[in-house]
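**Student:** just a sequence and a predicted model for now, questions to come.
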Amino acid sequence: MTQVETGAATGVSFALSPEQRELRALAREFAEKEIRPKAAEYDEHSTHPVDVIAKAHELGLMNLHIPESLGGAALPAFDGMLVGEELNWGCSGIATSIGANGLGAAPVIIAGTDEQKEQWLPPLLEEPIICSFGLSEPDAGSDVARMTTTAERRGDEYVLNGSKTFITNAGYAAWTVVFAKTDPGKGHRGISAFVVPMDAPGVQIEKHLDKMGQRATDTSAFALTDVVVPAANLLGEEGEGFKIAMKTLDFTRPGTAAGAVGVAQAAFELAVEYAKERVTFDVPIAMHQGVNFMIADMATEIEAARLLVWQSAWLHDQGKRATLQSSYAKRFAADMAMKVTIDAVQVFGGYGYIKEYPVEKLMRDAKLFQIYEGTSQIQRLVIAKEIFLPRGD
Ligand code: CAA
């Protein structure tokens, strides 16, 4: 007879520790009390949520992964992902404004020297300072190696020229990790990463981009014209920028995928409540199989995505390269959130399509998860590469 093994026997457990449950509850309470009441208004006006960011900062819900030696909480990726799901359940626009510091700071954590970490990270803990991640360009989004921004070494300095776009929080950032070519002839091996103070002469925010969803997050384009930074701002060695960017995205994609789960969970809860209340043909619509099967699929797919997210974050915390699992999680959770939010609008019928009800916002918000931090197609490309050309640990 086959024996069902317990978690203890297999070493596998889905149980959260008391500290993780507490952290998740804190994030849920914050989302409920501080984020949700602002969500509709900030969405409408595309407001940078400076007040909510300040409160999240005060409560320690920002900058979760800064090393303890620098005064940070050094939370594992898993705990960050728990926080991410809850904040995004509140509003993914506001949550992305809060969480994007994780993306901005990650290259410094991954590749910075002790001096660089000391210079750039502790100030993020002292005040709600914003940092951002400057990878995408007008003609190079998915294909990172096509970037044309350059950084030319002149003595003890580098001079940067080029433009970046679709950069989360750039319009409010104190500094941005800018990826630029130090050796344009070398393709991806010619890319380097620099910390660029956004008040340096020659940095010009060109515009705040008016988005369909996640409108409470600033997304900006900026130009770099003869921007001079000290050579000490180079992260890692010249030519290591591409790999620093990839390692950063391996680390952040589970958190982004968790955000997609949070949005889907919010849409699911609203759809369930509405299905219980709305009556057609003398019964609540939850009694109609056409509706309750949709709800059953939503629940199953949300759970499946959550498990992929948990696995990818867990794997990362084991010190393993989680490229494949991060892309599984990001691809599946983003596509799932899109489908679940579309179905939630369908459950609401005509009401789902009007702004007075919250599900149309969730549908608009969900779309961005299929695009930023690598489109769903790029995730498939990464997955296929990992299958056919595995790189090992
Ligand atoms: N970890 C470490 N090294 C990696 C790696 C990883 N995850 N992935 C690739 N590499 C290494 C490879 O081993 C290879 O090394 P060698 O030079 O030693 O051979 C090198 O990097 C090049 O790899 P590829 O040949 O796979 O590179 P590619 O040019 O074919 O591109 C790609 C790969 C996966 C498509 C990559 O370009 C990519 O991830 N694109 C999407 C970018 C993205 O996610 N952009 C979003 C920007 S951030 C954002 O959206 C946030 C915001 O603020 C809005």
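**Tutor:** Right, received. Where do you want to start?
**Student:** quick one: contacts for residue 183?
**Tutor:** Taking CB atoms under 8 Å, 6 or more residues apart in numbering, we find residue 183 in contact with 189-190, 238-239. Where you see a C-beta, it was placed from the backbone N, CA and C, and this is true even at glycine.
**Student:** which of the residues you listed are buried?
**Tutor:** Buried residues within those, counting neighbours by 16 or more other CB atoms under 10 Å: 190, 238-239.
**Student:** any idea how many residues pack against residue 177?
**Tutor:** 29 (other CB atoms under 10 Å).
**Student:** part of a strand, is it?
**Tutor:** Yes. Judged by DSSP: H, G, I helix; E, B strand; the rest coil, residue 177 forms part of a strand.
**Student:** who does it bridge with?
**Tutor:** On the basis of DSSP bridges, residue 177 is bridged to residue 133, residue 195.
**Student:** quick one: it and the ligand, what's the gap?
**Tutor:** To the ligand, residue 177 is 11 Å away according to CB to the nearest ligand atom, to the nearest Å.
**Student:** returning to that earlier point: got the buried ones among the contacts of residue 183 as JSON lines, with secondary structure and distance to the ligand columns?
**Tutor:** Output for those, formatted as JSON lines (DSSP: H, G, I helix; E, B strand; the rest coil; distance: CB to the nearest ligand atom, whole Å):
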{"residue": "190", "secondary structure": "helix", "distance to the ligand": "11"}
{"residue": "238", "secondary structure": "coil", "distance to the ligand": "14"}
{"residue": "239", "secondary structure": "coil", "distance to the ligand": "9"}
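**Student:** list, one by one, the residues from the stretch 151-300 of the chain near the ligand.
**Tutor:** 166-168, 188-189, 242-243, 246-247, 249-250 (CB under 6 Å from any ligand atom).
**Student:** where does pLDDT dip in the protein?
**Tutor:** For the chain, the stretches with pLDDT under 70 are 1-10, 392-393.
**Student:** name the helices or strands packed onto the lengthiest helix in it?
**Tutor:** In the chain, taking DSSP state H as the definition, the longest helix is helix 241-277. Here helix 241-277 touches helix 77-90, helix 92-111, strand 175-181, strand 191-197, strand 283-284, helix 289-317, helix 323-348, helix 359-369, going by 3 or more CB pairs under 8 Å, 6 or more residues apart in numbering; DSSP states H and E.
**Student:** list the contacts of the most centrally placed residue in the chain.
**Tutor:** In the chain, the C-alpha nearest the mean C-alpha coordinate belongs to residue 256, at 3.5 Å (CA atoms, centre = their mean). Applying CB under 8 Å, 6+ apart to residue 256 gives the contacts 84, 330, 334, 369, 372-373.
**Student:** so which of the residues you listed are also by the ligand?
**Tutor:** Contacts with the ligand within the contacts of residue 256, as defined by CB under 6 Å from any ligand atom: 372-373.
**Student:** most neighbours among the contacts of residue 256, please name it.
**Tutor:** Counting neighbours by other CB under 10 Å, residue 330 leads the contacts of residue 256 with 34 neighbours.
**Student:** do I have it right that it meets residue 380?
**Tutor:** No. Under the criterion of CB atoms under 8 Å, residue 330 makes no contact with residue 380, lying 10.4 Å away.
**Student:** tell me which residue in the stretch 51-200 of the chain sits closest to the ligand.
**Tutor:** residue 168 (3.4 Å; CB to the nearest ligand atom).
**Student:** number of residues surrounding the residue lying closest to that residue once chain neighbours are set aside?
**Tutor:** Distances taken as CB to CB, 6 or more residues apart in numbering place residue 100 nearest to residue 168, at 4.4 Å, with adjacent residues excluded. Neighbourhood size, residue 100 [other CB under 10 Å]: 27.
**Student:** enumerate every residue touching residue 100.
**Tutor:** Contacts here follow CB under 8 Å, 6+ apart; on that basis residue 100 touches 130, 132-133, 168-169, 217.
**Student:** take those residues and write them to a markdown table, including neighbour count.
**Tutor:** Formatted as a markdown table, these follow (neighbours: other CB atoms under 10 Å):
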| residue | neighbour count |
| --- | --- |
| 130 | 26 |
| 132 | 29 |
| 133 | 29 |
| 168 | 26 |
| 169 | 25 |
| 217 | 27 |
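**Student:** run a quick neighbour tally on residue 69.
**Tutor:** With other CB under 10 Å as criterion, residue 69 counts 11.
**Student:** in which helix or strand does the closest residue to the ligand within the stretch 251-393 of the chain reside?
**Tutor:** Going by CB to the nearest ligand atom, the ligand is nearest to residue 374 of the stretch 251-393 of the chain, at 3.1 Å. Assigned by DSSP states H and E, residue 374 belongs to no helix or strand.
**Student:** residue 142 is in contact with that one, correct?
**Tutor:** Yes. Here residue 374 lies in contact with residue 142, judged by CB under 8 Å, at a distance of 7.3 Å.
**Student:** so the two - more neighbours on which side?
**Tutor:** Neighbour count, other CB under 10 Å: between residue 374 and residue 142, residue 374 has more, with 25 against 12.
**Student:** the more buried one and residue 312: what is the separation?
**Tutor:** To residue 312, residue 374 is 13 Å away according to CB to CB, to the nearest Å.
**Student:** show me whatever sits in contact with both of those two.
**Tutor:** With CB under 8 Å, 6+ apart, residue 374 and residue 312 have common neighbours residue 253.
**Student:** the residue of the stretch 201-350 of the chain found nearest the ligand: how many residues sit nearby?
**Tutor:** Using CB to the nearest ligand atom, the single residue of the stretch 201-350 of the chain nearest to the ligand is residue 246, 3.5 Å away. When counting by other CB under 10 Å, one arrives at 15 neighbours for residue 246.
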